[in-house]
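Undergrad: pasting the sequence and the predicted model now:
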Amino acid sequence: VASARDLTERKLAEARLQASQDRYRAVHESSPVGICWIETPSGRFLLVNRKYCEITGRTEQDLLSRNFQSITHPDDLKSNCEKLEQLTAGKVRHYEMEKRYVRPDGSVRWVTVAVVPMWAEGEDARWNMAIVQDITESKQADSRLREYERVVEGLEEMITVVDREYRYVIANRAFLNYRGMEREQLIGRFVLKQLGAEGATEGTLELVKQKLDECF
């Protein structure tokens, strides 16, 4: 007596699952952002990708022996744990925050972290996933800009600073007084649009744009 069963569908399903897992591993490892999987109750790292290791300055082996609390800056730890508690309690379905990691050499990296739960409603909070982006350079640039703003604020000369999109990012008091404006009316506005709204001619706008292009 012989018995036969068609396994085609099951084999196809297994092949699709394997292909899906392979694609996920490829994306996980080559991702330009840090990715980590964390055991929610303990904060222990379960899985980290190459970029996350680069951001934290640690090896995969080192991270998998730790929890996220051990590498988070002490000043950011309380806020981080409070947000995770809200996630665990179901008060929020995800959260984002800026925080700092402390590297083994003592240096600090600023990051933005987006955290999502990997459990369905009604299930126990087992693990969550975090997407991490390094924003250290932009934080440092912003700090330098704020320092420069403090320096020029009291000068008699009219001084403004614009970014690469030609938006005002700094205007000192002398400039604002000359224009009869408050800082909130100017900062963030595009230079050419602002001049156009004030009645500048096309020739003037073109000349200003040319000069700005030369600066950048």
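TA: Perfect, I can see it now.
Undergrad: ranges for the helices of this protein?
TA: 8-30, 50-56, 60-63, 74-88, 136-152, 173-179, 183-186, 191-197, 202-215 (DSSP state H).
Undergrad: my guess is Gln133 meets Arg109, correct?
TA: No. Gln133 is not in contact with Arg109 according to Cβ atoms under 8 Å; the separation is 10.6 Å. For every residue, glycine as well, the C-beta is placed using N, CA and C.
Undergrad: of the two, who's got more company?
TA: Arg109 (21 against 16; other Cβ atoms under 10 Å).
Undergrad: in contact with the more buried one, which residues?
TA: Contacts for Arg109 were tallied using Cβ atoms under 8 Å, 6 or more residues apart in numbering; they are Ile55, Thr56, Gly57, Arg100, Tyr101, Arg103, Asp134, Thr136.
Undergrad: swap the cut-off to 6 Å and go again
TA: Residues near Arg109 by Cβ atoms under 6 Å, 6 or more residues apart in numbering: Ile55, Tyr101, Asp134, Thr136.
Undergrad: Ala171 now?
TA: Thr160, Leu186.
Undergrad: pLDDT score assigned to it?
TA: pLDDT, Ala171: 93.
Undergrad: and if you look at Asp6?
TA: Reported pLDDT for Asp6: 68.
Undergrad: can you count the residues close to Lys193?
TA: By other Cβ under 10 Å, the residues close to Lys193 number 12.
Undergrad: that should have said Ile38, apologies.
TA: 21.
Undergrad: ok now do it, which residues does it touch?
TA: Phe68, Asn128.
Undergrad: that one and Tyr178: what is the separation?
TA: Ile38 is 54 Å from Tyr178, where distance means Cβ to Cβ, to the nearest Å.
Undergrad: next: Glu96.
TA: The value you get for Glu96 to Tyr178, if Cβ to Cβ is used, is 40 Å.
Undergrad: ok, Ile71 next?
TA: Counting by Cβ to Cβ - Ile71 and Tyr178 are separated by 49 Å.
Undergrad: who has more neighbours, those two?
TA: More neighbours surround Ile71 than the other of Ile71 and Tyr178, with 19 against 10 (other Cβ under 10 Å).
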